[in-house]
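Colleague: Sequence plus the predicted model coming up.
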Amino acid sequence: MGVNRIGRGPIFADDGPRGERVVRRLRGVSLEALAFVLVTLLLPLLVPVALVTDLALWLVRRKPWMAIRLLAIGWLFLAIEMRALAGVAWIWLSAGGPLGRGSDRRRRGVYDLRIHWASLHLAGISKVLGLRYEVDGLELAGPAPVLIMIRHASIIDNLVPDSLIASEHGLGLRYVIKRELQMIPTIDIAGRWVPTNFVRRASGDTAAEVERLRQLAHDLGPDEGILIYPEGTRHTVAKLARAKEKIAASQPEVAPLADRLQNLLPPRLGGPLALLEEAAGVDVVFCAHVGFDGFEKVSDVWSGALVGQTIRVRFWRCPASEVPREPEAQVEWLYERWQELDDWIGGTRSGADPAASSAGASARAVSP
């Protein structure tokens, strides 16, 4: 399903020096292309080495065969990136080259390409690792426009929004993402052609970052949504403990709400509250998932614990009429919704789904 009805939301220019941008992008594209060629040429050597490594580890520790799986994932990643970069070049040319900046044709092209790109990546990873998916309430993520708040737990779950939500409902998602993702050329280049807020997480000017983020809600089209990860980073037990300590010291009125969370980091309030205010009148969709947890780095995937996992995903939709307008009430409302996600995650891990009757949707298996 293609993205059709879009608004004229803001295109954020990269605020770095032009020379630095050009060098970064040329370096990123060159490194990916070189890596793809080298890995492809060396596959006849790398495959036997990976298989021997896996056999040895299986005989000694009964460890899942991960070397060959990671090799396959690595090659697929590079191959999909090469295809995506060709798509980026075609979008640029077909939309008028330098004259097409900000055009609807270029924006729709990027939205459609990103859905295809994320779907290919997640499908490849899922096939290699034998992942299965059970999704509740995907129909609740549409229709647009919507504000989507989703948990963040691994290096893989950032593919879920486009491969599941956007592909199902034909949505063009306006992302709030960390600036470090500029290291991936497709994101760095194409992400600048649609409304995308690359956040400086260590910025000393939080107010300016929030004001910039607000602009994502401007002129939101009927087939567009805004997506934000309220936690701001991937959840771990250690990060949760640190977050609670910081909130207790700086926001004592919020601390009792944060203390109840066991499976999610407390939402960072600046961005979500700004979007709730700026996108008043837009329904809010929440998304939680279980199964990706604990896989922050490639080394975590190497353990083999992700192989054969069932990934469970659930959506909740809150009508705009139920969202309070006062900031204090919004904080409490947001924490209440976040606690629902937290309870569902805990219940799902223990084998009982506490939200089964409240979401109004039945689980179904999906293939990314």
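Modeller: Sure, I can see it. Bear in mind that the values here come from a model prediction, so they are computed numbers and not experimental data.
Colleague: Determine which residue lies closest to the centroid of the chain.
Modeller: Residue closest to the average C-alpha location in the chain (CA atoms, centre = their mean): Asn158, at 2.5 Å.
Colleague: That one reaches Ile150, doesn't it?
Modeller: No. Asn158 is beyond contact range of Ile150, at 9.0 Å (criterion: CB atoms under 8 Å). In short, each C-beta sits where N, CA and C put it, glycine included.
Colleague: surely Phe77 meets His121?
Modeller: Yes. Phe77 is in contact with His121 according to CB under 8 Å; the separation is 6.9 Å.
Colleague: Between those two, tell me which one has more neighbours.
Modeller: A direct count of neighbours by other CB atoms under 10 Å for Phe77 and His121 places His121 higher, at 22 against 19.
Colleague: Quick one: classify that one as helix, strand or coil.
Modeller: For His121, the assignment made with DSSP: H, G, I helix; E, B strand; the rest coil gives helix.
Colleague: what sits against it?
Modeller: Contacts of His121 were listed using CB atoms under 8 Å, 6 or more residues apart in numbering, and they are Leu76, Phe77, Ile80, Leu159, Ser163.
Colleague: In strands only, show me those.
Modeller: Residues of these located in strands (DSSP state E): none.
Colleague: I'd like the residues you listed laid out as JSON lines, including distance to Gly2 and pLDDT.
Modeller: Shown next, in JSON lines, are the contacts of His121 (distance: CB to CB, whole Å; pLDDT from 0 to 100):
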{"residue": "Leu76", "distance to Gly2": "24", "pLDDT": "97"}
{"residue": "Phe77", "distance to Gly2": "25", "pLDDT": "97"}
{"residue": "Ile80", "distance to Gly2": "19", "pLDDT": "97"}
{"residue": "Leu159", "distance to Gly2": "19", "pLDDT": "95"}
{"residue": "Ser163", "distance to Gly2": "15", "pLDDT": "96"}
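Colleague: Just the pLDDT at the residue nearest to the centre of the chain, thanks.
Modeller: pLDDT recorded at Asn158 is 92.
Colleague: same check, this time on Thr53
Modeller: According to the prediction, Thr53 has pLDDT 97.
Colleague: now swap in Arg21 and tell me
Modeller: 88.
Colleague: pretty sure it contacts Ala13?
Modeller: No. Between Arg21 and Ala13 there is no contact under CB under 8 Å: 9.6 Å.
Colleague: Compare the two (neighbour count), which wins?
Modeller: Shown here are Arg21 and Ala13; by other CB under 10 Å, Arg21 has more neighbours (17 against 9).
Colleague: Contact partners for that one?
Modeller: Neighbour list for Arg21: Asp14 [criterion: CB under 8 Å, 6+ apart].
Colleague: Helix or strand: which one has it?
Modeller: Using DSSP states H and E, Arg21 maps to helix 18-61.
Colleague: next one: Arg114
Modeller: Using DSSP H and E, Arg114 maps to helix 104-129.
Colleague: I'd like the next helix or strand past that helix.
Modeller: Where DSSP H and E defines the elements, the next helix or strand beyond helix 104-129 is strand 132-136.
Colleague: Mind exporting the C-alpha coordinates of whatever helix or strand comes next after that following strand to PDB?
Modeller: Next in sequence after strand 132-136, counting helices and strands by DSSP H and E, comes strand 146-150. What follows is strand 146-150, C-alpha atoms only, in PDB (Å, rounded to 0.1, in the frame of the first residue of the first chain):
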ATOM      1  CA  VAL A 146      -1.900   9.600  14.400                       C
ATOM      2  CA  LEU A 147       0.800  10.200  17.000                       C
ATOM      3  CA  ILE A 148       2.500   6.900  17.700                       C
ATOM      4  CA  MET A 149       4.500   6.300  20.900                       C
ATOM      5  CA  ILE A 150       6.500   3.000  20.800                       C
END
